[in-house]
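Enquirer: the sequence and its predicted three-dimensional model are supplied below.
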Amino acid sequence: MFQLRAILPALVLVACPLHGGSRGDPDVLLGDGQQRYRWISGWLRVPGEADLGNTHGSIVSDSHGRIYFNTDTEQAVQVYTREGEFVRAFGADLKGGVHGMCIVQEKDGEFLYLVHHARGIWRKMTLDGEVVLESGAPEASGLYAKPDQFHPTSIAVVPDGDLFVADGYGLSWVHQYDHAGKYVRSFGGPGSEPSQMNCPHGLLIDKRAEPYTLLVADRENHRIQVFDLEGKLVSIITGMFRRPCSVQEHDGYLAVPDLAGRVTILDRKNELVVHLGDNPDESQRANNGVAREQWKDGVFIAPHSAHWDSAGDLYVMDWNYLGRINKLARVRESKTPAK
């Protein structure tokens, strides 16, 4: 049910030395053409402990360029500058399960939406952590015999419009609500046939389409499904993914972090541009327990989330017990001056 909560106090942490990624060759380059990046080693300055803690969530940014990501610690939502400087953290009551997030600019300001897979809830919050709205299992759907069957993994919001919640770790339905949080409909459901889902792990409102569509990272069916905003299947993107976790968009391109060791970039036609950081070691792919000494610049382990900032730099979260947030700086092609 919906309820208002008091503001969650931000946690004040003490800064520690430069940390946040493996160190190595500063000139590791990935990709090609407009999707060419330089791997930035050690860009993140993590406060307090040497390790972030398990990174099993997502990455988003606000209108000021600040980067937000999740850990399974009491610092469940952490905020940094683009340069890797710590700003604040909040969400002590969300320890151990924040999974999907999005930041949406609405008429009343910017809001952070998130889901908690372990507690079976989704929230709308201010950027400082004040809870505006919270809801649990959609009882009105008639799909849940018990509330604890609901384990959401992602949330996507049309600004000042409907919102969609994916029950990726539960019963594989996508639930639609109006902007006040009232249940509208459900679609998907478990299976492998078109419009059915096997772990709808990530969602994105695709504003490239007119009208908007909803992209669903149907992870264990190895595809992305495209729905209209009434839950009707439009198309399926397949053949390029191992275990797609989520989808993000920037400048017409899509970034699809793939748990099995790479990030896939698609163009406006949803055609393959490049696979970034593909891990040749199959034993490391989708492996949460890869130790720090085995990390390599330019190689991903288990990409769980990817996000472009306004400048086109790409941030990638590896699912890792120590916490790994990678930054890839966009390499701009220099233009030869006219003679």
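Expert: Done, it's in.
Enquirer: show me where pLDDT drops low in this protein?
Expert: With pLDDT under 70 as the threshold, the chain has low-confidence stretches at 1-26, 49, 334-339.
Enquirer: give the contact list for the spatially most central residue of it.
Expert: In the chain, the centroid-proximal residue (CA atoms, centre = their mean) is residue 58; its distance is 3.3 Å. Shown in contact with residue 58 (CB atoms under 8 Å, 6 or more residues apart in numbering): 69, 70, 99, 100, 101, 154, 246, 304, 305, 307, 317. In short, each C-beta sits where N, CA and C put it, glycine included.
Enquirer: could you do residue 242 as well?
Expert: Residue 242 neighbours (CB under 8 Å, 6+ apart): 222, 258, 259, 260, 261, 262, 285.
Enquirer: next, count neighbours for residue 139.
Expert: Residues lying near residue 139 (other CB atoms under 10 Å) number 13.
Enquirer: contact partners for the spatially closest residue to it that is not a sequence neighbour?
Expert: Of all residues beyond its chain neighbours, the one nearest residue 139 is residue 147 (7.5 Å), with distances taken as CB to CB, 6 or more residues apart in numbering. Residues counted as contacts of residue 147 (CB under 8 Å, 6+ apart) are 120, 136, 137, 139.
Enquirer: scan the contacts of residue 242 and report the most crowded one.
Expert: So for these (other CB under 10 Å), the most neighbours sit at residue 258, 30 neighbours.
Enquirer: surely that one meets residue 303?
Expert: Yes: using CB atoms under 8 Å, residue 258 is in contact with residue 303, at 5.9 Å.
Enquirer: so what's in contact with the two at the same time?
Expert: Shared contacts of residue 258 and residue 303, defined by CB under 8 Å, 6+ apart, comprise residue 245.
Enquirer: residue 118 touches residue 96, doesn't it?
Expert: Yes: proximity of residue 118 to residue 96 meets the contact threshold set by CB under 8 Å, at 5.7 Å.
Enquirer: from start to finish, how long is stretch 300-315 in a straight line?
Expert: 12 Å (CA to CA, to the nearest Å).
Enquirer: check which residues of that stretch are buried.
Expert: By 16 or more other CB atoms under 10 Å, the buried positions in stretch 300-315 come out as 300-309, 312-315.
Enquirer: how about the nearest residue to residue 317, chain neighbours excluded?
Expert: Leaving aside its chain neighbours, residue 317 sits nearest to residue 305 (4.3 Å; criterion: CB to CB, 6+ apart).
Enquirer: right, and the helix or strand after the helix or strand hosting the one you found?
Expert: Element membership for residue 305, per DSSP states H and E: strand 303-308. Downstream of strand 303-308, the next assigned helix or strand under DSSP H and E is strand 314-318.
Enquirer: helices or strands up against that following strand?
Expert: strand 59-61, strand 67-70, strand 253-258, strand 303-308, strand 324-330 (3 or more CB pairs under 8 Å, 6 or more residues apart in numbering; DSSP states H and E).
Enquirer: how close does the residue nearest to residue 139 sit to residue 323?
Expert: 30 Å (CB to CB, to the nearest Å).
Enquirer: ok, now residue 202?
Expert: Residue 202 is 20 Å from residue 323, by CB to CB.
Enquirer: the closest residue to residue 62 other than its chain neighbours: what secondary structure?
Expert: Once flanking residues are discounted, residue 62 sits nearest to residue 103: 5.4 Å by CB to CB, 6+ apart. With DSSP: H, G, I helix; E, B strand; the rest coil as the basis, the three-state label of residue 103 is strand.
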